[in-house]
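Participant: What would the 3D arrangement of this be:
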Amino acid sequence: MGDGGADRGKAMRGRAAVLAAVVMQSVAQVAYGTWLTAVPSPLFVFGTFLMTAGFFLVVSGRGGTRGAWAPLLILNFGTALAFLSFFHALKLIEPAIVSAVNIGVGPILGIALALGATGARPGGVRVTVCLGILAGCAVLALSAAQAGGTTGGAVALEGLAAAAGTGVGTVIVTTASKALLDRGWKSGAVLAHRFYLILPVALLLALGGDSVDWTPALAATFLAVGIGGVLVPLYLLQTGIRLTDPVTVMVTMAAMPLVTFAVQGLSPAYAWSGMTAAGLVLITASIVVDMWTGRGRPAA
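Facilitator: Numbers count the residues shown, from 1 in each chain. Next up is the predicted model:
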């Protein structure tokens, strides 16, 4: 009985950590799109992940890191693709749309990979889920285009493509991380060694970008969003993954688009859109159905 209580307490701490990470990331996404538009996204990525990489190397860098060059390289590629695409997308379309498309890519890509690798055809539920995600993305594309005014179509297309790139990068990171963990790496070491590619790529992109007129307020916002929106949430997510089950983590993360949409309503930079809300509900409901019905089956 004592062990059961300890396990429940451990799971509750894990859920709280994941929920806190979701809220912090949602707030940071909106803050980034509201107050950091003057900072080129590669510069923000470089500065933020320089701090993040340093932190995790100090805290967890000495964990088990025996040779696994292929998944480590893939992990670094996926990390660079995910975060560079993500912060570029936030410059172009609403944060809630970015989050929804990012999360929605996972099930669709999972089916495509399974079909290509093994020829396995998805069941009816998974097909319905993917159709729901695609329908939600279509609604969000229309909403993003309308919000962009006369140039909305081109801006929305670029933003949605970047958000989809984020989702692809996230799937790559998940696959490579699992490969490293299966080789005996500790989860902290995976976090510590995933930023080697993103830093030089972001620096090169930043050197070719616009200069920034730094003010104390802008610098403080940069640090607050970088630490509170990237470094701390990554640590909390890792804690949540360690303390609770994967389904709980995924379902909680699936709520991010709706949480971001709610936070977005507090920002003067974004207007309420019923079309955006409808698209978010479609995607979120589809993802939750996919996770709920797939708890007992192998991942596609």
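
Participant: Which helix or strand contains Pro42?
Facilitator: Assigned by DSSP states H and E, Pro42 belongs to helix 41-60.

Participant: Next, the buried residues of that helix.
Facilitator: Neighbour-count burial for helix 41-60 flags 41-50, 52-53, 55-56, 60 (criterion: 16 or more other C-beta atoms under 10 Å). (Glycine included, C-beta is placed from N, CA and C.)

Participant: Now do that helix: which elements does it pack against?
Facilitator: Counting contacts by 3 or more C-beta pairs under 8 Å, 6 or more residues apart in numbering; DSSP states H and E, helix 41-60 packs against helix 69-92, helix 187-192, helix 198-207, helix 216-226, helix 232-243.

Participant: before we move on, the earlier item: flag whichever of the buried residues of helix 41-60 scores worst on pLDDT.
Facilitator: Taking the buried residues of helix 41-60 together, the minimum pLDDT is found at Ser60 (79).

Participant: who's in contact with that residue?
Facilitator: Neighbouring residues of Ser60 by C-beta atoms under 8 Å, 6 or more residues apart in numbering: 186, 188-189, 191-192.

Participant: would a markdown table of those residues with neighbour count, distance to Ala89 and pLDDT be doable?
Facilitator: Below are the contacts of Ser60 laid out as a markdown table (neighbours: other C-beta atoms under 10 Å; distance: C-beta to C-beta, whole Å; pLDDT from 0 to 100):
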| residue | neighbour count | distance to Ala89 | pLDDT |
| --- | --- | --- | --- |
| Lys186 | 15 | 31 | 82 |
| Gly188 | 18 | 28 | 81 |
| Ala189 | 21 | 29 | 85 |
| Leu191 | 24 | 23 | 87 |
| Ala192 | 23 | 26 | 87 |
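
Participant: Ile103: which of those residues is nearest?
Facilitator: Distance to Ile103 across the contacts of Ser60 (C-beta to C-beta) is lowest for Leu191, with 20.3 Å.

Participant: Which residue, other than its chain neighbours, is closest to the closest one?
Facilitator: Nearest non-adjacent residue to Leu191, counting by C-beta to C-beta, 6 or more residues apart in numbering: Phe56, 4.7 Å away.

Participant: Got the confidence number for the residue nearest to Val173 when sequence neighbours are not counted?
Facilitator: Ranked by C-beta to C-beta, 6+ apart and with sequence neighbours excluded, the top spatial neighbour of Val173 is Gly78, at 4.0 Å. pLDDT, Gly78: 95.

Participant: name the element Met253 belongs to?
Facilitator: Met253 is part of helix 246-254, with elements assigned from DSSP H and E.

Participant: name the helices or strands packed onto the helix or strand containing Ile97?
Facilitator: With elements taken from DSSP H and E, the one containing Ile97 is helix 95-118. Helices and strands touching helix 95-118, by 3+ C-beta pairs under 8 Å, 6+ apart, are helix 2-35, helix 69-92, helix 124-147, helix 152-182, helix 256-264, helix 274-293.

Participant: In the longest one, which residues are buried?
Facilitator: Of the residues in helix 2-35, those buried by neighbour count under the rule 16+ other C-beta under 10 Å are 14-35.

Participant: what ranges of the stretch 51-200 of the chain fall below the confidence cut-off?
Facilitator: Residue ranges of the stretch 51-200 of the chain with pLDDT under 70: 61-67, 117, 148-152.

Participant: how about a cut-off of 50?
Facilitator: Within the stretch 51-200 of the chain, the ranges that satisfy pLDDT under 50 run 149-151.

Participant: quick one: the residue nearest to Leu191 from Ala254, how far?
Facilitator: Per C-beta to C-beta, to the nearest Å, Phe56 is found 25 Å from Ala254.

Participant: what do you get for Ser177?
Facilitator: For Ser177, the distance to Ala254 (C-beta to C-beta) stands at 19 Å.

Participant: same check, this time on Gly47
Facilitator: Look at Gly47 and Ala254: by C-beta to C-beta, they are 29 Å apart.

Participant: Same question for Pro200.
Facilitator: If you go by C-beta to C-beta, the gap between Pro200 and Ala254 works out to 33 Å.

Participant: Between these two, which has more neighbouring residues?
Facilitator: Neighbours were counted for Pro200 and for Ala254 using other C-beta atoms under 10 Å; Ala254 has more, 23 against 11.

Participant: Hmm, the more buried one is touching Asp290, no?
Facilitator: No: contact criterion C-beta atoms under 8 Å: Ala254 and Asp290 do not qualify, at 9.1 Å.

Participant: Sweet, I'm off.
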